[in-house]
Each structure stands twice: as structure tokens, then as C-alpha cells.
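>>> next comes the sequence, and after it the predicted model I'd like to discuss.
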Amino acid sequence: MADTSDSRTPAQIEADIKRRREVLAETLDEIGMRVHPKTIMDDAKAKVASSVDHTLGRAYVGVNRVVSDVKSQFVDADGAPRMERIVPVALVVVGVVGLLAVGGTRRRGR
């Protein structure tokens, strides 16, 4: 059998009840804040902003890596241009632009 005797005084019991009511009120206030629509929206906005920041950071690093790789193809370690690589690429670009220009004038002439 369980011992149902309580050696606390009525004042101690009242103080305990008062303390538990305060704790319960704080808990209910916290729950109310968590389920409040503004709090939910603020949390969702913060998660989206964090996700966007993370994605943009990864994209920046990726683009920076690609730019560095391309730059290293056309510039040597001293920073001097590598003409043996720049000239062929420039010729290809000029050739493609020329072909596009000629193709565009032929279509207009029809």
C-alpha cells in the first residue's frame, strides 16, 4: 500500500501550488508563443533565408572556382597572358561571329 501521509504544512502546500501554477503559466505562455501565427511565419522566413544564404554561398564558391579555372588557362602563374592559348580562342570567336553575321544577312536577303 502507498503511504498517503503528508508531513507538509498547509502553508507549504499553498506555496507549492502557487509555484506550480507559475510554472504552468510560463509553460502555457511559451506554447502560446510557439503556435502563434506570427512566430510560425517568422520561423519559416528564417529557415528560407538561411537556405537561400546557404545556396547562394555554394553558388558563389562554384562560380568563383570556375572563373579561377578559366583564368588559369589564359594567364600564367606570374599573371602574364598566355598568348598561345588566347590567340586560337580569339580566332574561333571571330570566326563564329563572322559566320553568324553572314548567316543573318543571307536570311534577310531572301
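Here it is on my side, so go on.

>>> in the chain, what secondary structure element scores lowest on mean pLDDT?
For the chain, the helix or strand with the lowest mean confidence is helix 83-109, at a mean of 86 (criterion: mean pLDDT, DSSP states H and E).

>>> which elements pack onto that helix?
Contacts defined by 3 or more CB pairs under 8 Å, 6 or more residues apart in numbering; DSSP states H and E place helix 83-109 against helix 37-74. All C-beta spots, glycine's among them, are computed from the backbone N, C-alpha and C.

>>> any idea of the mean pLDDT in the helix it packs on?
For helix 37-74, mean pLDDT rounds to 92.

>>> that one packs against which elements?
Using 3+ CB pairs under 8 Å, 6+ apart: helix 37-74 touches helix 83-109.

>>> quick one: the helix it packs on to helix 37-74, angle?
Helix 83-109 runs at 110 degrees relative to helix 37-74, counting by axes from the mean of the first three to the mean of the last three CA atoms, to 10 degrees.

>>> quick check: domain ranges of the chain?
12-74, 79-110 (automatic domain parsing).

>>> out of those domains, which gets nearest to Asp6?
Asp6 sits nearest to domain 12-74 of all those, at 7.5 Å, using CB to CB.

>>> how far off centre is that closest one?
Mean-position distance between domain 12-74 and its chain equals 12 Å (CA atoms, centre = their mean, to the nearest Å).

>>> ok so, going back, now the domains of the chain as TSV including distance to Asp6 and mean neighbour count?
Formatted as TSV, the domains of the chain follow (distance: least, CB to CB, whole Å; neighbours: other CB atoms under 10 Å):
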stretch	distance to Asp6	mean neighbour count
domain 12-74	8	10
domain 79-110	86	10
